[in-house]
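[1] Predicted structure and sequence below. I'll ask about it afterward.
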Amino acid sequence: MPPDIEAIAEQVFVALADPTRRAILAALASGGPATATDLGGRLPVTRQAVAKHLALLAEAGLVTAEPGERRRVRYRLHSAPMQVAQQFLAALARDWDSPLGALKDHLDRGAREPAAAPLHGTRAHRPEGQAP
Amino acid sequence: MGFPDRIERTVELAHPPAKVWTALTTAEGLAAWFGNEAAIDLHPGGSAWMKWNEGHTAQMRVERVEEPRVFGFTWHISGLPDDDPRRTYVEFTLEPADGGTRLTVVESGFAQLSDQAFHDAFDGNTKGWASELAELATYLDAA
């Protein structure tokens, strides 16, 4: 395991811990690249505050700066560090207890019996979008 | 390391290993307790899948088949894009215990990171929607 993998993920979690930074990332994700001025106009914070947060996000590798119109810097979301953080979330979200409980129930009921309604309750604990 | 690379669980089952093996390695067994529908080609390198009524599907590749002791497969890491090559390895180990079975499941590989993914995570050169859209524009312009 590369030594800095945890450092990448940690920067993502630090970035996401702040509501303004979450709002900036959400705005870039939904609306595409934007300048600090654009973002300041869309969010209930000053342009200066936006610029400060963008600097932190750039350092974490979550946004990249690029030249925009009228010599203004535009910021673009950079998702690769998110994908690293997602691996850790996947480990924390992995639920083996529910399936193993369902296996035990299945065996105790008799393997020849077809899947019955009570099993669905167990499986329903797996949230949508958490496909393995 | 602050994050788990490996998840391990052990359960005691009041059924012999042969019966547990069937539940783990047949389509009927997997569909009865794990997925809602399943298929499996039970040999190393064989493919398998499970589907859930909620709408998602897990594609697996069978890696180890040592009846009735070890069954291993790899599958996609949940939460990552479908085309991401990273996979975790799941291994079930069955040991006879007091007329029943001690079943251990180990899933490992959560903390892996390919050189390319590592490079991408640090590198500012993004390949996101913007570059995809730029490629589309170039393609349309050329047509």
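    Yep, it's here. Worth saying up front: this structure is predicted, and the values here are computed from it rather than measured.

[2] Where does pLDDT dip in chain A?
    A:1-3, A:111-132 (pLDDT under 70).

[3] residue ranges of the strands in it, please?
    A:34-35, A:63-67, A:73-77 (DSSP state E).

[4] Ok, chain B next?
    In chain B, the segments counted as strands under DSSP E are B:6-13, B:37-40, B:47-51, B:57-66, B:70-76, B:87-97, B:100-108.

[5] can I get these in CSV with mean pLDDT?
    Shown next, in CSV, are these (pLDDT from 0 to 100):
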stretch, mean pLDDT
strand B:6-13, 92
strand B:37-40, 97
strand B:47-51, 96
strand B:57-66, 95
strand B:70-76, 95
strand B:87-97, 95
strand B:100-108, 94
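
[6] need those in JSON lines with mean neighbour count and distance to chain A, can you?
    C-beta here means a position set from N, CA and C on the backbone, and glycine is covered the same way. Shown next, in JSON lines, are the strands of chain B (neighbours: other Cβ atoms under 10 Å in any protein chain shown; distance: least, Cβ to the nearest Cβ, whole Å):
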{"stretch": "strand B:6-13", "mean neighbour count": "14", "distance to chain A": "5"}
{"stretch": "strand B:37-40", "mean neighbour count": "18", "distance to chain A": "10"}
{"stretch": "strand B:47-51", "mean neighbour count": "17", "distance to chain A": "8"}
{"stretch": "strand B:57-66", "mean neighbour count": "16", "distance to chain A": "4"}
{"stretch": "strand B:70-76", "mean neighbour count": "19", "distance to chain A": "5"}
{"stretch": "strand B:87-97", "mean neighbour count": "18", "distance to chain A": "8"}
{"stretch": "strand B:100-108", "mean neighbour count": "19", "distance to chain A": "6"}
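
[7] Let me know which of the ones you listed is the nearest to A:Met82.
    strand B:70-76 (17.0 Å; Cβ to Cβ).

[8] contacting residues for residue 42?
    The chain I'm using is chain A. Shown in contact with A:Arg42 (Cβ atoms under 8 Å, 6 or more residues apart in numbering or on different chains): A:27, A:31, A:34.

[9] nope, chain B please
    Per Cβ under 8 Å, 6+ apart, neighbours of B:Leu42: B:25-26, B:48, B:62, B:65.

[10] could you dump the strands of chain B to TSV with distance to A:Gly101?
    Below are the strands of chain B laid out as TSV (distance: least, Cβ to Cβ, whole Å):
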stretch	distance to A:Gly101
strand B:6-13	8
strand B:37-40	18
strand B:47-51	17
strand B:57-66	18
strand B:70-76	19
strand B:87-97	15
strand B:100-108	12
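
[11] Would you map out the domains in chain B?
    Domain assignment of chain B by automatic domain parsing yields the ranges B:6-112, B:113-143.

[12] returning to that earlier point: who wins on neighbours among the contacts of A:Arg42?
    Within those, neighbour counts (other Cβ atoms under 10 Å in any protein chain shown) peak at A:Ala34, which reaches 23 neighbours.

[13] Report the separation between that one and chain B.
    Here the criterion is Cβ to the nearest Cβ, to the nearest Å. By it, A:Ala34 lies 12 Å from chain B.

[14] thinking that residue is in contact with A:Leu25, fair?
    No - counting by Cβ atoms under 8 Å, A:Ala34 stays clear of A:Leu25, with 11.3 Å between them.

[15] re the thing from before, tell me which of the strands of chain A is the most buried.
    strand A:34-35 (a mean of 22; mean count of other Cβ atoms under 10 Å in any protein chain shown).

[16] residue boundaries of the helices in chain A?
    Using DSSP state H, the helices of chain A run over residues A:5-16, A:19-31, A:36-42, A:47-59, A:80-93, A:97-109, A:117-123.

[17] nearest to B:Gly99, of these?
    Judging those by Cβ to Cβ, what sits closest to B:Gly99 is helix A:97-109, at 13.3 Å.
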